[in-house]
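Colleague: okay, here's the prediction I keep looking at, along with the sequence it came from:
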Amino acid sequence: MDFALTSEHELIREMAYKFGRQEVLPGIQERDREAKSDRKMLDKMGEAGILSVSIPQQYGGSGTDYISLGLVCEELERADTSARVVMSVHSGLHSLTLLQWGTEEQKRRWLPKLASGERIGAFGLTEPNAGSDAVNIKTTARKDGDSYVLNGEKTWISLADYADQFLVVTRLASAGDRANYAAFIVDRNLPGFHSKPIHGKLGVRAGNTGQIFFDDVRVGADCLIGDEGDGFKIAMSALDHGRYTVASGAVGIVVACLDACDAYATQRKVQGEEIGKKQLVQQMIANMVAGRDIGRLLYYQVGWMKNVGLRHTREVSMAKWQNCANAFKAANDAVEIHGAYGYCDEFPVERYLRNSRGAIIYEGTHEIHTLVQAEYELGYRADKPLKRTLPIWNDSSR
Ligand code: CAA
C-alpha cells in the first residue's frame, strides 16, 4: 500500500492551487453577490490544461491519472465551488463517461476538443419530476430512419447556457423498464434545442445553472453513446465519475474553512487571549482537520480504484456522502468561529456555507447515499462487473 503522492501529483496540485488564487478568487465576492458567472473562466481552464486532466494522451489529454482529477477538484473548490463544478460536469460526468462508453470514433471526434476546452460538455439527467428517482425520466428519443428525435426537458443543469454539447439520458419507449433508456451527445446548435438560466440559488452563485429543452431535436445515430438500452447504466456510471469530483471538491471546502479559521482564530482576541486558545474553538478546528484527512483518504481510495480498473460505485457513494456532510459542518463551524463577521461576505466563510449545501443534494442526496450504503451492507445491493470500463491507468497507457 502506497499513500504517497508522486511529484507529478504535487505539480498538478500546485498548478490548480495557483489557478484558484490567480483566476478564480479575484472578483469572486462580486460575482457571488451579483450571481454572475464568468464564461471566460472556461477558456482559461482550457488554456491552463485543467480540462485535459485524466484524459489519455491519445485523445488529446495530459495522460495524468485519475487521482490527479481529484487533486484538481480539491484545489479549485478551495477557491470557489463554481470552478470545481466545471470539472464535475465537463470532465467527470461528460468526458470520462465518453471515455468509458464511447466508440473509438466517438472518442477521437470529441475528446481532443473537450480536453483543450475548444468544446465544453455538460450532463442532462435530472428532470422536474425525476431527481433521486432517475428511473422516472420522461424525455423521449424516437428512432426515425438514421436519427433519433428528442423531446422533453432537463433541469438543474450546470453550464446549461455555456456548454457546446450535452450527454443526455432519455427513454426509448413511453412505458418501460431500465432496458429502455439511451444516452446521446446533443449539440446545442441543433434546431429545437434551447436553454434557460435558473436564478435565485442559495449557493454557487458564480456558476451557471439552468434548464435545457428539446423540441423535436433530431440527433444522428452516430451520437448514440453505448447501445440502445444502455442509457440508465451510462447515467449511473457518469455519476461514479461526477461523485468523485464532488467528494474531492468537498475536501477543498474543508481546507478553505481551515485556511480562514486558522488565520482568524490566531488573531482575534477575546478576554485578552486568542480565540484559538479556547477549547470549544479547538474542538471545531479538530473536527475540520478530521474532515480534511478522512476525506482525502476516502477520495484517494476511489482515485486508486479508478486507476486500477476496479468498480467503485459503493466507495464513491461513501466518499461523496461523508465528504459533503463534513464540508457543510466545517463551513457551519467556520461561521461560528467568525461570529458576526462570519455572517456577512466581508469574510468568505458564509459563501462556503451556502456553497457546501448544494452538494448534499446534487449527485445523490444525503438520504440516497445513506440508503445505498445500508443496502450494500445488508446484501440487498451488490455490484456486477461493468459492460464497459474506464481505461486502466499506468505509465505506459498515458
Ligand atoms: N455503473 C454502471 N452500471 C450501473 C451502475 C454504475 N455505477 N449502477 C447501477 N448500474 C446498473 C446496475 O448494474 C443495474 O443493471 P442490471 O439491470 O443489468 O442489473 C442497473 O444499472 C440498475 O441499477 P440499480 O438496480 O442500482 O438501480 P436503482 O433503481 O436501484 O438505483 C438509485 C437507485 C441508486 C437511487 C439511483 O436511481 C440513483 O443513484 N439516484 C440518484 C440519481 C442522482 O444522483 N441524480 C442527480 C444527478 S445530478 C444532475 O443531473 C445535475 C447536473 O447536471 C450536475
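Modeller: Good, I have the coordinates.
Colleague: what is the burial count for residue 26?
Modeller: By the measure other CB atoms under 10 Å, the count of residues near residue 26 is 11. Backbone N, C-alpha and C define where each C-beta goes, glycine included.
Colleague: with the one 3 residues further on instead?
Modeller: The tally of other residues near residue 29 (other CB under 10 Å) stands at 15.
Colleague: that's a helix at it, yeah?
Modeller: Yes - Residue 29 sits within a helix when classified using DSSP: H, G, I helix; E, B strand; the rest coil.
Colleague: wait, it sits on residue 350?
Modeller: No - taking contacts as CB atoms under 8 Å, residue 29 lies outside contact range of residue 350: 10.7 Å.
Colleague: mutual contacts of those two, please.
Modeller: Both residue 29 and residue 350 lack any common contact, where contact means CB atoms under 8 Å, 6 or more residues apart in numbering.
Colleague: got the residues of the stretch 51-200 of the chain near the ligand?
Modeller: 89, 123, 125-126, 131-132, 134-135, 156-158, 178 (CB under 6 Å from any ligand atom).
Colleague: not counting its neighbours along the chain, what's nearest residue 83?
Modeller: residue 76 (4.1 Å; CB to CB, 6 or more residues apart in numbering).
Colleague: could you do residue 43 as well?
Modeller: Using CB to CB, 6+ apart, the nearest residue to residue 43 is residue 117, at 6.2 Å.
Colleague: surely the one you found is in contact with residue 53?
Modeller: No - taking contacts as CB under 8 Å, residue 117 lies outside contact range of residue 53: 11.7 Å.
Colleague: more neighbours, the two?
Modeller: residue 53 (26 against 20).
Colleague: so who does that one touch?
Modeller: 12, 61-62, 64, 68-69, 72, 91.
Colleague: pick the one among the residues you listed closest to residue 258.
Modeller: Distance to residue 258 across the contacts of residue 53 (CB to CB) is lowest for residue 72, with 19.1 Å.
Colleague: next, count neighbours for the closest one.
Modeller: So residue 72, with other CB under 10 Å, has 32 neighbours.
Colleague: and the helices in the stretch 101-250 of the chain, which stretches?
Modeller: Read by DSSP state H, counting those that start in this stretch, the stretch 101-250 of the chain holds these helices, from start to end of the chain: 104-116, 231-265.
Colleague: got the phi and psi for the closest residue to residue 266 other than its chain neighbours?
Modeller: Closest residue to residue 266 apart from its sequence neighbours, by CB to CB, 6+ apart: residue 276 at 4.8 Å. When read as degrees, to the nearest 10, the backbone of residue 276 gives phi -60, psi -20.
Colleague: give me the distance between residue 276 and the ligand.
Modeller: Noted for residue 276: a distance of 38 Å to the ligand, by CB to the nearest ligand atom, to the nearest Å.
Colleague: show the contacting residues for residue 73.
Modeller: Applying CB under 8 Å, 6+ apart, the residues contacting residue 73 are 84, 87-88, 245-246, 248-249, 252.
Colleague: can you check the pLDDT for it?
Modeller: Looking at residue 73, its pLDDT stands at 98.
Colleague: next: the one 4 residues further on.
Modeller: Looking at residue 77, its pLDDT stands at 98.
Colleague: next one: residue 176
Modeller: 60.
Colleague: domain assignment for this protein?
Modeller: 7-120, 123-229, 232-397 (automatic domain parsing).
Colleague: quick one, which of the ones you listed is nearest to residue 1?
Modeller: Closest approach to residue 1 among the domains of the chain (CB to CB): domain 232-397, 9.5 Å.
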